[in-house]
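K.L.:
structure, please.
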Amino acid sequence: MLFSLPLLALLPATVSAHGFVHKFWVNDKTFTGNVPQAQATPSVVRQISQVDPVKGATNPFVNCGPNAQLAKQVADANPGDKVSFLWTGGDLSKWPHNIGPMLTYMTNCGDDCTTFDSSKAKWFKIDQVGRIPGDKDGNWFQNRIFVQPNVAANVTLPSNLAPGNYLIRHEIIALHLATQKGGAEFYPSCTQLRVGGSGTGVPAANELVQLPGAYSDTDPGILVPKVFDDVTAPYAFPGPPVAAFVGGSSGATKSSSATSPSQTGSSSSSKGKSCKLKRTATSSPSLKKRNIARPHKVSRIMRELAVGLRTVSQ
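P.N.:
Below you'll find the model as predicted:
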């Protein structure tokens, strides 16, 4: 069943509990991701069928999301470009989760990403961010896209990436229920790119993985019994390491207009450096540190955060 955008307001409130990539930016160009179940329009972001999380590390939907469809457009990019992903709730509200890593993979599509079957892809990792280094409250980078609307996750393409057609897969793993096996929530999204330039960087054969296939429900970064207990403990990222040829950084951007990265103040993280948020003249008041809220057992509604916000979980 398809919904038009005006009908989104009529969907159950629980739809906003999870989400999808609503905007994608590269080279000052904005691309809109289709709302799940809405009538699709041409986009570079592969449309998924639902906003609910993928459950289970071996679920086929870990690949590009639930029933991800081929997209009709391809975004042009160059090595070293910053790309930005705006994750929103299912009702286009701000992203509802704040605990867990954000990971980025790429795969070569061959001749044409618009016809490429991602289930056959061999992926390499280009970026991963977890807790914010030095944050005494143990906040995650994911928290920065949670605390305010129009905050996008930034990733820098490898500066020496070989030219070609690529899928870029941005993934959030929400860990608020990951104290038990099978509790982790996977939110993958795939976007179609055409990378130019004259780079020569490619992954080694032993750095390529299949998705599903790279994760297990018992991996230390997916089953995290003490995720709320020790906020200073190092986090074990799931999947392969970042490919050896990769350079660059990622972080979170505060967008005052949610139209393009050129209109945002940016902040980035780079191998052990903390991510800071730069405000624009029109942006909201600066963020204050927030303590992580711990859910009360395994309820559907997580405990209210100290700042009065509420994150909705499955």
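
K.L.:
kindly indicate whether residue 25 is helix, strand or coil.
P.N.:
Classification of residue 25 by DSSP: H, G, I helix; E, B strand; the rest coil places it in strand.

K.L.:
how close does it get to residue 33?
P.N.:
11 Å (CB to CB, to the nearest Å). Where you see a C-beta, it was placed from the backbone N, CA and C, and this is true even at glycine.

K.L.:
have a look at the two and say which one is more surrounded.
P.N.:
In this view residue 25 and residue 33 are compared by other CB atoms under 10 Å, and residue 25 has more residues nearby, 26 against 23.

K.L.:
and the more buried one, how far from residue 155?
P.N.:
11 Å.

K.L.:
so where is the stretch 201-314 of the chain shaky, pLDDT-wise?
P.N.:
248-314 (pLDDT under 70).

K.L.:
if we can go back for a sec, between residue 25 and residue 155, which contacts overlap?
P.N.:
83-84 (CB atoms under 8 Å, 6 or more residues apart in numbering).

K.L.:
okay, the residue lying closest to residue 60 once chain neighbours are set aside and residue 59: tell me how far apart.
P.N.:
Once flanking residues are discounted, residue 60 sits nearest to residue 212: 6.3 Å by CB to CB, 6 or more residues apart in numbering. Applying CB to CB, the value for residue 212 to residue 59 is 6 Å.

K.L.:
what pLDDT, on average, does stretch 152-164 get?
P.N.:
What stretch 152-164 shows for mean pLDDT is 98.

K.L.:
show me what contacts residue 66?
P.N.:
Taking CB under 8 Å, 6+ apart, one finds 36, 48-50, 52, 54 in contact with residue 66.

K.L.:
counting neighbours, which of those comes out on top?
P.N.:
Highest count within the contacts of residue 66 by other CB under 10 Å belongs to residue 48, 26 neighbours.

K.L.:
measure it to residue 127 for me?
P.N.:
In terms of CB to CB, residue 48 sits 21 Å off from residue 127.

K.L.:
in the protein, which spans are strands?
P.N.:
Taking DSSP state E as the criterion, the chain carries its strands at 19-26, 29-32, 54-55, 75-77, 82-89, 102-110, 124-129, 151-156, 164-174, 185-195, 250-255, 264-266.

K.L.:
now the terminal residues of stretch 62-74, how far apart.
P.N.:
22 Å (CA to CA, to the nearest Å).

K.L.:
what is the rounded mean pLDDT of that stretch?
P.N.:
99.

K.L.:
that stretch: which residues count as buried?
P.N.:
62-66, 68, 70-71, 74 (16 or more other CB atoms under 10 Å).

K.L.:
repeat that for stretch 50-61.
P.N.:
Here stretch 50-61 shows 50-57, 61 as buried, counting by 16+ other CB under 10 Å.

K.L.:
show the contacting residues for the residue nearest to residue 169 when sequence neighbours are not counted.
P.N.:
Distances taken as CB to CB, 6+ apart put residue 105 closest to residue 169, at 4.3 Å, once the chain neighbours are dropped. Residue 105 sits next to 123-126, 168-169, 171, 211, 239 when contact means CB under 8 Å, 6+ apart.

K.L.:
could I get the residues you listed as CSV with neighbour count and distance to residue 150?
P.N.:
Formatted as CSV, the contacts of residue 105 follow (neighbours: other CB atoms under 10 Å; distance: CB to CB, whole Å):
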residue, neighbour count, distance to residue 150
123, 25, 29
124, 23, 30
125, 23, 27
126, 26, 24
168, 26, 21
169, 26, 23
171, 25, 21
211, 25, 29
239, 21, 29
